[in-house]
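# here you go, sequence then predicted model.
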Amino acid sequence: MAGWGYDVVGALEATPGTEELLAITHRVDRVDAAAVTGLGRRLSTLADGMDDAMRAVGGGGDGVGRAWQGPGADAFTRYTADFAHAGAATGDAARAAQRELTGLGHTLASLRDEVAGHVSDALDAAHSRAGVTGAPSADEVRAVVAGPTARAQAALVRGESEVAACARRLRALTERMTGWSRLRSPDSGVSGASGASSRWADRRQAAADKPVQAARIVGGDDRGSGGDGGSGGDGGSGEASSPGPGGGPPGKVGDWIRQAIAILAEHGVPVDKMDPDDIATIIDHESGGDPDATNGWDSNAAKGTPSVGLMQTIGPTFGAHKLPGHGDIHDPVDNIIAGVRYAIARYGSVSKVPGIQALAHGHGYVGY
């Protein structure tokens, strides 16, 4: 074992009766505590570099948000924010892994030192028998080194237990490093049935805030007289899609919204607190119109209550605001019902949700 100044393994091999202690020594001698802590330092460096990268991503998203307006811009800025959040979660997990590895490295270094002490005690005990009449038998040596051997074995078991526990914690941390794989497409919610388009705005003319170029998003309809005369790449007329009857967007999302509003109205919820277009905006930003959307990486998910469905409600919130007979959080109508009731209970109406208010004042959407 390194640092002893003599060949401990050779001494044990030359001492009959120390076979068990020799086997323990061989196992501990292969431990490289410095390599473990070195890996931790590399993870810390990775996390620091990720912080810089995510700040750059966030800044880029903010810059685009200042120059671009509309659903496409909102989708892009939302995506960059989600991307940065996923990166931050990965960086935090990397730092936690670094702390785990540093602690494990210290544990392994202590293990080597402890076993080395027990080996020294055993050899001293064995050699103290050398002066007696006749060479000690292997059984006699085993008897005098039994105590130090048992203590070395106990130290090895503790070390292996900590290695196994650390491995389990590291595996759990790796689950927090996969946020990027769960990100929705950057254009999620933009190419749906809402027919909304996006436009670039020249912020040097902020007072006028006039659109200067129509930006076509795949699946959406162009509005205004953009550089292509308002005609889409698929030969569209350039006119916005008509809203569904009763307000809100056409298509399935609009139908779900109108069904939910009708049910809520039957239960006495004032219709003027449930603007269908504002509900559609919340859905677009929260889930992109996907009733199966589940957020598996944010703080709610970490607590075991991920945001689910069109309006991204968590289980306890859904349970508190669902209506009788509408208790399926994955059902789009049921999800809208609970989300709308929560928004009204907390903010007074759907139109007063912070994200809707922010958009009305030219800012980016914020979650509710």
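That came through fine. Numbering: from 1, shown residues only.

# run through the helices of the chain in chain order.
Here the chain has its helices, by DSSP state H, at 8-13, 19-29, 33-67, 71-127, 138-175, 251-266, 276-287, 299-302, 315-321, 332-347, 354-360.

# now tabulate those in TSV and tack on mean neighbour count.
From N, CA and C alone the C-beta is placed, and that goes for glycine too. Converted to TSV, those look like this (neighbours: other C-beta atoms under 10 Å):
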stretch	mean neighbour count
helix 8-13	16
helix 19-29	17
helix 33-67	15
helix 71-127	20
helix 138-175	15
helix 251-266	19
helix 276-287	25
helix 299-302	15
helix 315-321	16
helix 332-347	22
helix 354-360	16
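
# distance check, the closest residue to residue 141 other than its chain neighbours against residue 136.
Of all residues not flanking residue 141 in the chain, residue 17 sits nearest, at 2.9 Å (C-beta to C-beta, 6 or more residues apart in numbering). Using C-beta to C-beta, to the nearest Å, residue 17 is found at 8 Å from residue 136.

# joint contacts of the two?
Shared contacts of residue 17 and residue 136, defined by C-beta atoms under 8 Å, 6 or more residues apart in numbering, are found at residue 126.

# shaky segments in the stretch 51-200 of the chain?
61, 64-65, 69, 129-135, 181-200 (pLDDT under 70).

# rewinding a little: export the helices of the chain to a markdown table and tack on distance to residue 366?
Formatted as a markdown table, the helices of the chain follow (distance: least, C-beta to C-beta, whole Å):
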| stretch | distance to residue 366 |
| --- | --- |
| helix 8-13 | 64 |
| helix 19-29 | 55 |
| helix 33-67 | 12 |
| helix 71-127 | 10 |
| helix 138-175 | 27 |
| helix 251-266 | 21 |
| helix 276-287 | 9 |
| helix 299-302 | 15 |
| helix 315-321 | 17 |
| helix 332-347 | 12 |
| helix 354-360 | 5 |
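
# show me the one of those that comes nearest residue 309.
helix 332-347 (3.7 Å; C-beta to C-beta).

# which helices and strands does the closest one pack with?
For helix 332-347, the helices and strands in contact under the criterion 3 or more C-beta pairs under 8 Å, 6 or more residues apart in numbering; DSSP states H and E are helix 251-266, helix 276-287, helix 315-321.

# same thing but at 6 Å, please
Packing contacts for helix 332-347, counted by 3 or more C-beta pairs under 6 Å, 6 or more residues apart in numbering; DSSP states H and E, involve helix 251-266, helix 315-321.

# quick check: angle from it to helix 276-287?
100 degrees (axes from the mean of the first three to the mean of the last three C-alpha atoms, to 10 degrees).

# relative to helix 251-266, how tilted is helix 332-347?
Going by the same axes, to 10 degrees, helix 332-347 makes 60 degrees with helix 251-266.

# export helix 332-347 as PDB, just CAs?
Extracted C-alpha coordinates of helix 332-347, given in PDB (Å, rounded to 0.1, in the frame of the first residue of the first chain):
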ATOM      1  CA  PRO A 332     -59.100  18.100 -22.400                       C
ATOM      2  CA  VAL A 333     -62.500  19.500 -21.300                       C
ATOM      3  CA  ASP A 334     -62.000  18.400 -17.700                       C
ATOM      4  CA  ASN A 335     -58.500  20.000 -17.700                       C
ATOM      5  CA  ILE A 336     -59.800  23.300 -19.000                       C
ATOM      6  CA  ILE A 337     -62.600  23.300 -16.500                       C
ATOM      7  CA  ALA A 338     -60.200  22.900 -13.500                       C
ATOM      8  CA  GLY A 339     -57.700  25.400 -15.000                       C
ATOM      9  CA  VAL A 340     -60.300  28.100 -15.600                       C
ATOM     10  CA  ARG A 341     -61.800  27.700 -12.200                       C
ATOM     11  CA  TYR A 342     -58.300  28.000 -10.600                       C
ATOM     12  CA  ALA A 343     -57.500  31.100 -12.700                       C
ATOM     13  CA  ILE A 344     -60.800  32.700 -11.700                       C
ATOM     14  CA  ALA A 345     -60.300  31.800  -8.000                       C
ATOM     15  CA  ARG A 346     -56.800  33.200  -7.900                       C
ATOM     16  CA  TYR A 347     -56.900  36.100 -10.300                       C
END
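
# many thanks, have a good one.
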